[in-house]
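> here is my input, please return the structure:
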Amino acid sequence: MPKVLRIINRFNLGGITYNVSYLSKYLPDEYETCLIGGPEEEGEESSLYIPESLGLKPILVEELKRSINPFGDYFAYKKIKKRIKEFKPDIVHTHASKAGAIGRLAAASCKVPVIVHTFHGHVFKGYFSGFKTHIFKAIERYLSKKSSAIIAISEIQKKELTQEYKVCDANKTHVIKLGFDLQRFTDNKTEKRKKFRKKYLLQDNELALVIIGRLAPIKNHYLFIDAIEHLVKNSDKKIKAFIVGDGETKNALIDHIKNKNLSFATQPDAKALFTFTSWIREVDVALAGADLVCLTSKNEGTPVSLIEAQASGKFIITTNVGGIKDILNPKCGLLSEANDAETYKKNLLHAVTNFEEISKTANAASEEVIKEFSYTRLCKEMDALYKLLLDKK
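Numbering: from 1, shown residues only. The predicted structure is shown next:
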């Protein structure tokens, strides 16, 4: 029975936790899996309930944090190395940057036969200065040499990693798309829609525009706010904007709204144009209640919120960054470049103006999305890769 030690950055509410949980639970029975990772950080919601709801018992490594901390990172490395020696895995599979660095170093030190890393995104654009980015790319090139295989979650991401940033060899880089249980986004949509709209005091003639994600500079929620302001000035449709998530830029975003003399609330308020909801665990309820879904990031991997939005039959207005073009069904959204605010605003205005028409096409495409990003397909492809790598040893 092959043993897999799966390491995640941290158990914060988001798509990565769902992805690793489904992999840990639904790989063939011949695998024994241990799932470990760091805790959620300030401004984040814990996602431990996700693996626990599947009967998994993840192990927390308290020192495994997102930011660089030599002291904490060293102790995280020691704990992971200790776990490797106890569990004796045949495969160590790391997910995302910090887990990928510390986990792969520990696995290589312990001479684990197969070391796999999945890029759920990368920090090579939009995060750091040129010098820091150069250092991170050098580190990743070194770690790639320690890896048996690299997994990109879209063809665009593979091209970025192997050709644009040249951090890993194309021959050892495999594309395996994310996989989830998306059926909940189609079940009981009418009841869920009523629940969300009742809670947030929405009228039947009001369109709910939702953006979901961590409140951080790279997510560029300022563009969302500016686009809503443009919409208010140029459309007679009644709209409400919901910012779902939390994080370091919340106060700055509130100040940005105040400077525009626009109304906002942090609790349900029928008069507020913007509502900061914080994190919502029942994202299927939020998406059922939404009419349009937005994303304004300067950089992304493959944003799970957009996969879930399409499964819910929602039309999307997004920036064209990372692997978004690979996952966005042409029937389900409009793209604009990250530095083209005017086109983004025009796309949002077009979507609101033609809401009835675009909603029909997006809703019709939801089944295609659910099939493409199913967890059964994910587990089948991962199983095949694991077997291929183990056979080489």
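> you'd agree Ile151 is in a strand?
Yes. Counting by DSSP: H, G, I helix; E, B strand; the rest coil, one finds Ile151 located in a strand.
> got a list of what it touches?
Applying Cβ atoms under 8 Å, 6 or more residues apart in numbering to Ile151 gives the contacts 116-119, 173-176, 385. Every residue, glycine included, has its C-beta placed from N, CA and C.
> list the beta-bridge partners for it.
Beta-bridge partners recorded for Ile151 (DSSP bridges): Thr118, His174.
> so the most far-flung residue of the chain relative to its centre, which state does it fall into?
Ranking residues of the chain by C-alpha distance from their mean position (Cα atoms, centre = their mean) puts Asp236 at the top, at 33.3 Å. Taking three-state DSSP as the rule, one finds Asp236 in the coil state.
> could you number the chain from 167 rather than 1 from now on?
In the new numbering, first residue 167, that becomes Asp402.
> in the lowest-mean-pLDDT helix or strand in the chain, what counts as buried?
Every helix and strand in the chain was compared by mean pLDDT, DSSP states H and E; the lowest is helix 296-311, with a mean of 87. By neighbour count on 16 or more other Cβ atoms under 10 Å, the buried set for helix 296-311 is 299, 302-303, 306, 309-310.
> my read: Glu372 touches Ala436, true?
No. Contact between Glu372 and Ala436 fails when scored by Cβ atoms under 8 Å: they sit 9.3 Å apart.
> of these two, give the one with the bigger neighbour count.
Taking neighbours as other Cβ atoms under 10 Å, Glu372 and Ala436 compare with Glu372 leading, 16 against 11.
> could I get the contacting residues of that one?
Neighbour list for Glu372: 404-406 [criterion: Cβ under 8 Å, 6+ apart].
> what of Lys223?
Pro217.
> pLDDT score for it?
pLDDT, Lys223: 97.
> chain center to stretch 273-285: distance?
Its chain's average C-alpha position is 23 Å from that of stretch 273-285, according to Cα atoms, centre = their mean, to the nearest Å.
> my bad, stretch 194-201
Centre-to-centre, stretch 194-201 and its host chain are 24 Å apart (Cα atoms, centre = their mean).
> first to last residue in that stretch, what's the distance?
This stretch, stretch 194-201, spans 16 Å end to end (Cα to Cα, to the nearest Å).
> now do stretch 349-356
From its first residue to its last, stretch 349-356 covers 14 Å (Cα to Cα).
> do the same with stretch 411-421
Stretch 411-421 has an end-to-end distance of 17 Å (criterion: Cα to Cα).
> circling back to that earlier point, elements contacting the least confident helix or strand of the chain?
For helix 296-311, the packing partners by 3 or more Cβ pairs under 8 Å, 6 or more residues apart in numbering; DSSP states H and E come out as helix 263-275.
> just the CA atoms of the helix it packs on, as CSV, please.
Only the C-alpha atoms of helix 263-275 are listed here, as CSV (Å, rounded to 0.1, in the frame of the first residue of the first chain):
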residue,chain,number,x,y,z
SER,A,263,4.7,27.8,-2.1
LYS,A,264,5.7,27.6,1.6
ALA,A,265,4.6,23.9,2.0
GLY,A,266,6.4,23.3,-1.3
ALA,A,267,9.7,24.7,-0.1
ILE,A,268,9.8,23.3,3.4
GLY,A,269,8.1,20.0,2.5
ARG,A,270,10.3,19.2,-0.5
LEU,A,271,13.5,20.1,1.4
ALA,A,272,12.5,17.8,4.3
ALA,A,273,11.4,15.0,1.9
ALA,A,274,14.7,15.2,-0.1
SER,A,275,16.7,15.1,3.2
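> how near is Pro217 to Cys200?
Taking Cβ to Cβ, to the nearest Å as the measure, Pro217 falls 11 Å from Cys200.
> try Ala273
Look at Ala273 and Cys200: by Cβ to Cβ, they are 13 Å apart.
> do you have the helices of the stretch 167-316 of the chain handy? List them.
Applying DSSP state H, counting those that start in this stretch to the stretch 167-316 of the chain gives helices spanning 181-192, 215-219, 236-253, 263-275, 296-311.
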